[in-house]
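# quick one, fold the following:
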Amino acid sequence: MSFPVLKSAGFVLVNTPDMVVNAGSTFTTEKILNPDSDLLKNAKDHIRSFEEFVSYLPNQIYIGNERPEMLAGHKLPYSAIDYKSDKVMGKMGSIVREEEFIGAMKYCDEFDLVILSEAYVNKYKDQVEKRFPELEKSFGKLVAEDTSKGEDLIANDKAMGLYLEGELVGYVRQAHDTDVNLNAHTMFENIVSKTSAVIAAIETFRHSEVKREEIDYVIECSEEACGDINQRGGGNFAKAIAEIVGIGNATGSDIRSFCAAPVHSIIHAAAMVKAGIFKNVLVVAGGSTAKLGMNARDHIKKDLPIFEDAVASFGVIISENDGVSPVLRTDIIGKHTVDTGSSPQAVITSLVLEPLKRNGLKITDIDKYSPEMQNADITRPAGAGNVPEANYKMIGALAVMEKEIDRKGLADFVANKGYPGWAPTQGHIPSAVPYCGHMITDLTTGDYNRAMLIGKGSLFLGRLTNLFDGVSIVAERNTGKVEEDSAAGNNEDVVRKVVADAMKQVAEKILEEEE
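This next block holds a predicted model:
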């Protein structure tokens with residue numbers, strides 16, 4: 001059996017200090033309910049500089065310049081670690097400045113919704129073009145427009161402001177006068193999500209042998225929804241992203257399942273490639289402005305930086321077996337079913353223990369697990385604990401129950417099979433996929449043979465069900481043996497002949513009926 005492979009991965013962090021207080025849901029809600037609050041007054045003093053953002057070790061791990069192991073043994077906060085870096089380009093991703101990102105938003109704007117001031121364009125046009133040479137076809141969009149009505153539009157909720165160091169440099173206007181699904185706030189969120197996904201796709205190709213024209217299908221798996229009053233959430237982010245990036249030979253669609261969507265999407269992509277439907281599938285997701293500064297209130301209370309100051313995104317390419325890249329075992333899939341239940345033990349049992357036992361494997365046969373990889377710097381001050389550690393302890397506890405390890409070995413299991421979390425809490429972003437880039441290294445030039453990606457989600461957030469969600473898939477070191485599929489299944493000449501013969505028969509029948 002020839003399995004598909006995880007060919008490459010790309011990761012992006014956009015440092016967005018102004019968007020934290022002007023677009024994050026915590027702050028936008030506070031401005032309405034309590035405009036004189038201490039949260040709003042003190043926020044500016046807790047915003048990190050760009051240099052601090054770049055030198056934050058978890059961020060360098062996210063873009064691949066450092067390994068997750070570097071966080072082991074360090075006490076929180078990680079911002080106190082004596083670590084310095086000025087690298088914005090990483091081995092598997094990059095860091096983007098807010099001023100550059102605003103220009104990229106205009107590149108990704110197809111309906112003249114992003115309006116930029118003359119001062120912004122004059123100052124940053126050259127910088128934006130230099131930062132995103134891959135988007136050369138969109139350079140002509142970056143022109144100055146009249147922004148004199150910006151303040152009034154923003155005050156009347158007909159636009160969302162774009163700021164740099166507190167100064168208005170443009171805005172995103174509403175796309176419809178009455179349709180709430182096309183209001184300024186929604187369009188701002190969607191353009192940010194689309195733009196960050198576009199940059200992630202660019203990064204993924206930058207670190208891949210696969211060319212844009214070789215991508216057959218794109219799956220987008222963020223938590224945003226695009227549509228109008230008649231089809232809220234109808235999509236299609238995937239095709240919109242492909243258009244800007246220049247993935248001209250692909251079609252695509254969106255997958256939604258809250259935090260679990262990325263692993264759902266990887267499984268979908270792997271199944272498509274395994275079935276021979278498509279040869280190369282790009283899975284991509286942009287970030288979320290709503291979650292910027294989501295836990296800022298707790299960070300400020302504890303005199304910490306506002307750690308949620310990044311819009312994060314990622315992309316991965318799933319391809320036919322190349323004999324080198326990690327294989328995705330489409331026969332070792334865990335799933336949280338409708339009847340599973342929502343207790344932590346039930347969830348982990350369904351996602352980890354059951355698929356492994358079904359395939360004759362033990363929990364200890366997996367070298368590394370990648371569940372929800374949230375950065376504990378963000379979650380612990382907010383009372384959510386250390387999420388990755390909690391998951392690893394549950395997996396280890398199951399190993400104890402299965403008598404695979406002794407109870408005294410639980411701490412070693414957590415240390416050996418897991419990693420400290422390093423991903424921003426952007427909902428779907430931390431869910432397993434931050435490890436994909438490091439996993440490619442671990443399962444090719446590294447010492448590991450098997451890893452498991454575990455995506456979990458909270459469906460109850462949609463207020464339609466109380467169900468939990470989750471899926472998992474095992475990745476393995478490639479043996480180098482690529483089995484050829486049958487000619488009927490994968491030989492393009494045979495397929496063309498069969499189709500041509502069938503069409504000829506249909507045409508002949510139509511002619512006979514006409515006579």
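
# use CA for all of it now, contacts and neighbours both
OK.

# ok, L356 touching T364?
No: taking C-alpha atoms under 8 Å as the definition, L356 is not a contact partner of T364, at 10.0 Å.

# between the two, which has more neighbouring residues?
Neighbour totals were compared for L356 and T364, and L356 leads with 22 against 15 (other C-alpha atoms under 10 Å).

# how about the more buried one, phi and psi?
Main-chain torsions, L356, degrees, to the nearest 10: phi -70, psi -50.

# try L13
Backbone torsions for L13, taken as degrees, to the nearest 10, come to phi -120, psi 120.

# that one: neighbouring residues, count only.
29.

# can you check V338 too?
10.

# again with the one 4 residues further on
Applying the criterion other C-alpha under 10 Å, we find 16 residues in the vicinity of S342.

# and it, helix, strand or coil?
coil (DSSP: H, G, I helix; E, B strand; the rest coil).

# enumerate every residue touching the nearest residue to it once chain neighbours are set aside.
Leaving aside its sequence neighbours, S342 sits nearest to F468 (C-alpha to C-alpha, 6 or more residues apart in numbering; 5.8 Å). Counting by C-alpha atoms under 8 Å, 6 or more residues apart in numbering, F468 touches H336, G341, S342, K456, G457, S458, L459, F460.

# go again with 7 Å.
Applying C-alpha atoms under 7 Å, 6 or more residues apart in numbering, we find F468 in contact with S342, G457, S458, L459, F460.

# what does R329 give?
Per C-alpha under 7 Å, 6+ apart, neighbours of R329: F3, I473, V474, A475.

# secondary structure and distance to R450 added to these, as a markdown table?
Compiled in a markdown table, the contacts of R329 are given as follows (DSSP: H, G, I helix; E, B strand; the rest coil; distance: C-alpha to C-alpha, whole Å):
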| residue | secondary structure | distance to R450 |
| --- | --- | --- |
| F3 | coil | 14 |
| I473 | strand | 11 |
| V474 | strand | 7 |
| A475 | strand | 6 |
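
# show me where the stretch 101-250 of the chain has strands.
Secondary structure of the stretch 101-250 of the chain, counting by DSSP state E, counting those that start in this stretch: strands at 114-116, 159-164, 167-173, 217-220.

# do you know which of those lies nearest K84?
Among those, the nearest to K84 by C-alpha to C-alpha is strand 159-164 (24.7 Å).

# list the strands paired with the closest one, with their directions.
Here strand 159-164 has these sheet partners by DSSP bridges: strand 167-173 (antiparallel).

# show me the contact partners of the partner strand.
If you take C-alpha under 7 Å, 6+ apart as the criterion, strand 167-173 is touched by 113-117, 120, 147, 150, 158-163, 184, 188.

# repeat that with 6 Å
Identification of contacts with strand 167-173 by C-alpha atoms under 6 Å, 6 or more residues apart in numbering yields 113-117, 120, 158-163, 184, 188.

# ok, of those, which come out buried?
Neighbour-count burial within these applies to 113-117, 120, 158-163, 184, 188; the criterion is 16 or more other C-alpha atoms under 10 Å.

# how long is stretch 72-80 end to end?
14 Å (C-alpha to C-alpha, to the nearest Å).

# and that stretch, what's buried?
Y78, S79.

# how about residues contacting it?
In contact with stretch 72-80 (C-alpha under 6 Å, 6+ apart) are residues D377.

# circling back: which one of the strands of the stretch 101-250 of the chain lies nearest to E402?
Here strand 217-220 is closest among the strands of the stretch 101-250 of the chain (C-alpha to C-alpha), at 37.2 Å.

# and that closest one, what's its mean pLDDT?
The pLDDT scores in strand 217-220 average 98.

# buried residues, that strand. List them.
For strand 217-220, the neighbour count (16+ other C-alpha under 10 Å) marks Y217, V218, I219, E220 as buried.

# any regions of the stretch 1-150 of the chain where pLDDT drops low?
For the stretch 1-150 of the chain, the stretches with pLDDT under 70 are 1.

# show me the helices in it, by range?
Under the criterion DSSP state H, counting those that start in this stretch, helices of the stretch 1-150 of the chain are mapped to 17-23, 25-33, 38-42, 50-54, 57-62, 98-107, 118-131, 150-155.

# and those as a markdown table, adding distance to N386?
Below are those laid out as a markdown table (distance: least, C-alpha to C-alpha, whole Å):
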| stretch | distance to N386 |
| --- | --- |
| helix 17-23 | 23 |
| helix 25-33 | 22 |
| helix 38-42 | 24 |
| helix 50-54 | 21 |
| helix 57-62 | 15 |
| helix 98-107 | 29 |
| helix 118-131 | 36 |
| helix 150-155 | 39 |
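
# for Y435, which of these is the nearest?
Of the helices of the stretch 1-150 of the chain, nearest to Y435 by C-alpha to C-alpha is helix 57-62, at 8.5 Å.

# so where's the stretch 151-300 of the chain uncertain?
Within the stretch 151-300 of the chain, not a single segment meets pLDDT under 70.

# the helices in it, which residues?
In the stretch 151-300 of the chain, the helices defined using DSSP H, counting those that start in this stretch lie at 184-206, 237-245, 261-274, 296-301.
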